[in-house]
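J.: coords please:
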Amino acid sequence: MSAPSPALLLEAVLAAGADAAEVRPGGTVHCRLPRWEIPACAERLARLGLHLELLAGTDTRPESGDFTLTYVFAPAAPRALVVALVAVPADAPRFPSLATRSYPASRFEREIHDLLGVVPSGHPELRRLTLHQFWPEGYHPLRRDVAARRDFADAGQPFPFRRVDGAGIFEITVGPVHAGIIEPGHFRFSVEGEEIVNLETRLGFTHKGTEKLFEQLPFARTPELAERVSGDESVAHGLAYAQALEHLAGCDVPPRAAWLRVALLELERLYNHVGDVGMIVNDTGFSWGHAHCFRLREELLRLNERLTGHRLLRGAVMPGGIAGPLAEATLGEAAATVERVTEDFLEVARLSLRNTLVLERLQGTGRLSNEIAREMGVVGLVARASGIDTDLRRDAPFAAYRELAVTPAVHTQGDVLARTLVRLDEAREAARLFGVVAGRLPTGPARAALPPLPAGGDAVSCVEAWRGPVWYWVWAAGPQALRRVKIVDPSFRNWPALELAVLDNIVPDFPLCNKSFNLSYSGHDL
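T.: Below you'll find the predicted structure:
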């Protein structure tokens, strides 16, 4: 299906009862929608190939006496979006649920119920998602009038995990505190012998009020916060946030900055894929491959520091362009390093996958079918490994990607091997793109001044991070003030799919499945 035109989308939302509808620059259809028309609008847009990518709740009672929901619908190639604002009265804080129509919508609605106390009517499962069971009842931290509380206590009531009963079934509980130096998350397995018959993940332990903090920090410090939403996606989050501000303020980024942003995003993709492949083969017991991948990852991290002053590339992407030493740098020597490291990495991967003990552990393990991946709204590299051919760098190009021919890495098996092969293909493509940028990097300024934000204005931005699409919706309160920032990390979309990918696998293969997804706790919990 070809992407629908903005005119067709405008016609669809008007037919669904929207008012104050308009087509904004860039092709985004912006409208206000009565809350009872949400399901009808979603169905009309679904017939045009648009699905819910972001849903945010905002406490606008001080301004308008109600809550505001923001729905962002997009096609697979999101060059034209629909942004619908929905008012929910404070004295009847309920709205129709889309949970039975969209699995991502069900999770967004549970998040809004936790953080804002607005109820999605008809939702089939309103168990807590973002806040764990020790948070006080009735405490909704995204409300504007909320007072900080410290009365977090264990009331002795266990979280209502799904239970699997039957002869020979027993449970294995893992976490939330782990033996490794990783963030907390709880995994509850129901197993028969060693075969996994059910897995339920419990996250939210690192919820830290990130979105709320965007409203409270001095505006000049908010780019630092975006870079720290998920540490290994510093460039992607920083870029998605910067682009949202630039769209909102009408800021044109200099060509040099657009090309340097591609270089940074591909460096971030490369060092993560190199590390992930090392961790995957290490979980088969093949420590040789792990040692060499981490040797090469270290070379890339040192290159990052030479280019930007930070091993994780922080401080380089800023609203309006690029800052720091990279702004004046040339990339010829860096491109040679990237090419050499990538060739070395691909040879290490080739030798690792030729080992039958490694290959047999990856083939057929943790398979996620194309059908299930589509039904669950899986995104990014996990989706591409299950045969879903999407990549924002090609489908909705940003920065300088519109001047580059990006070839997405797509495999169909949906297993750990496929997710590994996607990483290898993407590493190869990242090195190629970095070399193209180095050879065609424009001269001139690398940053433009960001104009004041229009009070009451809002904008959407999306970036293809190495895990998948990162979405930001920004609503301005003033020239340098934010009313609301909503973030969607690909991990929020993909964590539930891991629960299905591990079914019928044995418990010792869970680390392989988990690492092949390599999802972010921090990016999920926010």
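
J.: what's stretch 123-130 in contact with?
T.: The contact list for stretch 123-130, computed with Cβ atoms under 8 Å, 6 or more residues apart in numbering, reads 97, 99-100, 106-107, 109-111, 113-115, 119-120, 135, 159-160, 204, 207, 525-526. Bear in mind the C-beta positions are built from the backbone N, C-alpha and C, glycine included.

J.: What residues sit buried inside that stretch?
T.: Across stretch 123-130, burial judged by 16 or more other Cβ atoms under 10 Å covers 123, 128, 129, 130.

J.: which among those gets closest to residue 437?
T.: Relative to residue 437, the closest of the buried residues of stretch 123-130 is residue 130; by Cβ to Cβ it sits at 38.0 Å.

J.: Please tell me how far the closest one sits from residue 35.
T.: As for residue 130, its distance to residue 35 is 22 Å (criterion: Cβ to Cβ, to the nearest Å).

J.: Helix, strand or coil: sort out residue 71 for me.
T.: Assigned with DSSP: H, G, I helix; E, B strand; the rest coil, residue 71 falls in the strand class.

J.: Neighbours of the closest residue to it other than its chain neighbours, how many?
T.: Leaving out its chain neighbours, the residue that sits closest to residue 71 by Cβ to Cβ, 6 or more residues apart in numbering is residue 84, at 4.5 Å. Residue 84 has 24 neighbouring residues, counting by other Cβ atoms under 10 Å.

J.: all helices for the stretch 351-500 of the chain, in order.
T.: Ranges of helices in the stretch 351-500 of the chain, per DSSP state H, counting those that start in this stretch, are 356-362, 370-375, 380-385, 392-395, 416-440, 490-501.

J.: Out of those helices, flag the one nearest residue 40.
T.: Nearest of the helices of the stretch 351-500 of the chain to residue 40, taken as Cβ to Cβ: helix 370-375 at 21.8 Å.

J.: Just the CA trace of the closest one, in PDB.
T.: The C-alpha coordinates for helix 370-375 follow below in PDB (Å, rounded to 0.1, in the frame of the first residue of the first chain):
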ATOM      1  CA  ASN A 370       6.300 -12.700  11.100                       C
ATOM      2  CA  GLU A 371       2.600 -13.000  12.000                       C
ATOM      3  CA  ILE A 372       3.200 -12.500  15.800                       C
ATOM      4  CA  ALA A 373       5.700  -9.700  15.200                       C
ATOM      5  CA  ARG A 374       3.100  -7.800  13.200                       C
ATOM      6  CA  GLU A 375       0.300  -8.400  15.600                       C
END
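
J.: What are the buried residues along it?
T.: Applying a neighbour-count criterion of 16+ other Cβ under 10 Å, the buried positions in helix 370-375 are 370, 373.

J.: I'd like the helices of the stretch 351-500 of the chain as CSV, with mean pLDDT and distance to residue 30 appended.
T.: Formatted as CSV, the helices of the stretch 351-500 of the chain follow (pLDDT from 0 to 100; distance: least, Cβ to Cβ, whole Å):
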stretch, mean pLDDT, distance to residue 30
helix 356-362, 94, 46
helix 370-375, 96, 28
helix 380-385, 98, 27
helix 392-395, 96, 21
helix 416-440, 98, 33
helix 490-501, 96, 24
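
J.: continuing past the longest helix belonging to the chain, what's the next helix or strand?
T.: Criterion DSSP state H: the longest helix present in the chain is helix 255-282. Beyond helix 255-282 in the direction of the C-terminus, DSSP states H and E gives the next helix or strand as helix 287-308.

J.: Of all the residues in that following helix, which ones are buried?
T.: 289-290, 292-294, 296-297, 299-301, 303-304, 307-308.

J.: Show residues contacting that helix.
T.: For helix 287-308, the surrounding residues in contact (Cβ under 8 Å, 6+ apart) are 264, 267, 270-271, 274-275, 277-279, 281-282, 310-316, 324-326, 329, 331, 334, 337-338, 341, 344-345, 348-349, 351-352, 358.

J.: got a list of what residue 171 touches?
T.: So residue 171 contacts 188, 189, 190, 191 (Cβ under 8 Å, 6+ apart).

J.: tell me which residues in whatever helix or strand it lives in are buried?
T.: Residue 171 belongs to strand 169-174 when assigned by DSSP H and E. Buried positions in strand 169-174, judged by neighbour count with 16+ other Cβ under 10 Å: residue 174.

J.: gap between that strand and the chain center?
T.: 30 Å (Cα atoms, centre = their mean, to the nearest Å).

J.: I'd like the mean pLDDT over that strand, please.
T.: With pLDDT averaged residue by residue, strand 169-174 scores 90.

J.: Starting from that strand, tell me which strands it pairs with and how they run.
T.: When pairing is defined by DSSP bridges, strand 169-174 lines up against strand 186-192 (antiparallel).

J.: and the angle for the strand it pairs with with helix 490-501?
T.: 10 degrees (axes from the mean of the first three to the mean of the last three Cα atoms, to 10 degrees).

J.: ok, and what's touching strand 186-192?
T.: With Cβ under 8 Å, 6+ apart as the criterion, strand 186-192 contacts 161, 163-164, 166, 168-176, 196-203, 205, 507, 510.

J.: again, 7 Å this time
T.: Residues outside strand 186-192 that contact it (Cβ atoms under 7 Å, 6 or more residues apart in numbering) are 161, 164, 168-176, 196-202, 507.

J.: That strand: what's the following helix or strand?
T.: Under the assignment DSSP H and E, the closest C-terminal helix or strand after strand 186-192 is strand 195-202.

J.: Can you give me the buried ones in that next one?
T.: 196, 198, 199, 200, 201, 202.

J.: Show me what the last one is bridged to.
T.: According to DSSP bridges, the residues that bridge with residue 202 are residue 186.

J.: surely it meets residue 159?
T.: Yes - shown here, residue 202 and residue 159 form a contact pair, counting by Cβ atoms under 7 Å, at 6.2 Å.

J.: Just the closest of the buried residues of helix 287-308 to residue 320, please.
T.: Within the buried residues of helix 287-308, proximity to residue 320 (Cβ to Cβ) peaks at residue 308, which comes in at 16.6 Å.

J.: What's the separation between the closest one and residue 224?
T.: 14 Å.

J.: Throw the contacts of residue 171 into JSON lines and include pLDDT, thanks.
T.: Converted to JSON lines, those look like this (pLDDT from 0 to 100):
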{"residue": "188", "pLDDT": "93"}
{"residue": "189", "pLDDT": "92"}
{"residue": "190", "pLDDT": "94"}
{"residue": "191", "pLDDT": "93"}
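
J.: Give me the ChimeraX select line for these, limited to the buried ones.
T.: Filtering these down to the buried ones (16+ other Cβ under 10 Å) takes a single ChimeraX command:
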select :188,189,190,191
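
J.: Specify which member of the contacts of residue 171 is nearest to residue 211.
T.: For the contacts of residue 171, the nearest to residue 211 is residue 188 (27.7 Å; Cβ to Cβ).
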